[in-house]
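> Quick one: sequence plus predicted model below, questions after.
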Amino acid sequence: MKAVWLALLQGITEFLPVSSSGHLALASRFLKPTPGDFGLSILLHGGTLLATLLFFRKEIAWLVTGMAPKRPGEAPQKKYLLCLAVGTLPLLFFGLILRNQAEAAFNSIPRLRIAFLITALFLAAASLPRRRTVSLGPRTALIIGLFQLAAVIPGVSRSGSTIAAALILGLNGEEAFRFSFLLSLPAVAGAFLLELKHLAGATSGAYSAGLLAAAVLVSLITGLTALWLLRRAVVNPGRLFWYSLYLLILALLLFFLF
């Protein structure tokens with residue numbers, strides 16, 4: 001059951017703007033550790049990566065081959081690829097520098113509380129009504145990429161920070177949602193491939209092949225569901241306030257419980 005619970009948690013929180021890393025850090029304090037946990041987490045990230053690829057398959061096909069139709073108001077193909085490259089630069093250059101801080105924060109409840117509050121603040125600001133609408137460009141992409149860099153720290157939601165940045169800068173909800181997750185693909189896929197070499201040793205003897213397959217399937221299905229829910233929320237940014245309120249309550253509970 002532990003594998004299934006972790007798969008549910010990973011699938012739901014990976015995409016909803018509440019920080020999967022922060023929630024997994026909290027879960028690790030209540031669940032008995034087993035030797036295969038690290039390998040299981042790699043597989044679960046693979047399941048949610050597959051969910052992203054499936055959900056945005058048409059957009060990815062358009063970026064790679066130009067075969068998918070361009071949406072009204074969307075940047076041309078080459079410009080969109082440039083924006084994705086520019087948005088990835090902050091993480092590419094500074095991600096490794098913040099890695100030690102991220103590892104320390106994973107086991108620190110005080111740091112998690114602050115990180116949850118930061119994400120809550122981002123979402124609250126993004127939920128406010130705005131009149132100005134801008135189109136996606138390299139400068140906007142770079143700023144969104146800087147917000148993605150903050151999500152290296154557990155408790156700061158990657159989707160929450162990047163979508164909030166896009167909305168605050170003036171992108172419409174649909175474009176903010178799309179760019180946030182297409183921007184995540186290089187980082188998530190790269191991290192998954194780097195850790196894949198540790199998979200065999202980490203999972204040997206801890207979980208059966210059938211249980212691992214079931215856990216990946218659960219993370220895939222819940223991930224797709226979470227993406228659908230988040231798209232509905234971002235199209236109407238005022239709904240992000242409820243995620244902000246949830247994180248605020250969670251941070252306050254951590255202040256009283258730990």
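On my side now, so go ahead.
> The longest helix along the chain packs against which elements?
Longest helix in the chain, counting residues (DSSP state H): helix 209-235. On a contact count with 3 or more CB pairs under 8 Å, 6 or more residues apart in numbering; DSSP states H and E, helix 209-235 meets helix 2-13, helix 37-55, helix 158-169, helix 173-195, helix 240-257. No exception for glycine: its C-beta is placed from N, CA and C like everyone else's.
> how about those in CSV, adding mean pLDDT, mean neighbour count and distance to L24?
Shown next, in CSV, are the helices and strands packed on helix 209-235 (pLDDT from 0 to 100; neighbours: other CB atoms under 10 Å; distance: least, CB to CB, whole Å):
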stretch, mean pLDDT, mean neighbour count, distance to L24
helix 2-13, 80, 21, 7
helix 37-55, 79, 20, 7
helix 158-169, 94, 26, 13
helix 173-195, 86, 19, 14
helix 240-257, 92, 16, 14
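> Rebuild the ones you listed as TSV, extending it with distance to L117.
TSV is the format used below for the helices and strands packed on helix 209-235 (distance: least, CB to CB, whole Å):
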stretch	distance to L117
helix 2-13	17
helix 37-55	25
helix 158-169	12
helix 173-195	21
helix 240-257	5
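> Tell me which of those helices lies nearest to I144.
helix 158-169 (4.7 Å; CB to CB).
> contacting residues for G173?
By CB atoms under 8 Å, 6 or more residues apart in numbering, the residues touching G173 are L167, V234, V235, N236, P237.
> just to revisit the earlier point, nearest to A214, of the helices and strands packed on helix 209-235?
Comparison of the helices and strands packed on helix 209-235 against A214 by CB to CB identifies helix 2-13 as nearest, at 7.0 Å.
> Skip ahead from that closest one and say which helix or strand is next.
Using DSSP states H and E, the helix or strand that follows helix 2-13 in sequence is helix 20-27.
> Okay, buried residues for that next one please.
By 16 or more other CB atoms under 10 Å, the buried positions in helix 20-27 come out as S20, S21, G22, H23, L24, A25, L26.
> helices or strands up against that helix?
Against helix 20-27 (3+ CB pairs under 8 Å, 6+ apart) you get helix 2-13, helix 99-106, helix 109-126.
> how about the very next helix or strand once past the longest one: buried residues?
It refers to helix 109-126. Downstream of helix 109-126, the first helix or strand assigned by DSSP H and E is helix 138-150. By neighbour count on 16+ other CB under 10 Å, the buried set for helix 138-150 is T140, A141, I143, I144, G145, L146, F147, Q148, L149, A150.
> I am finished for the moment; much appreciated.
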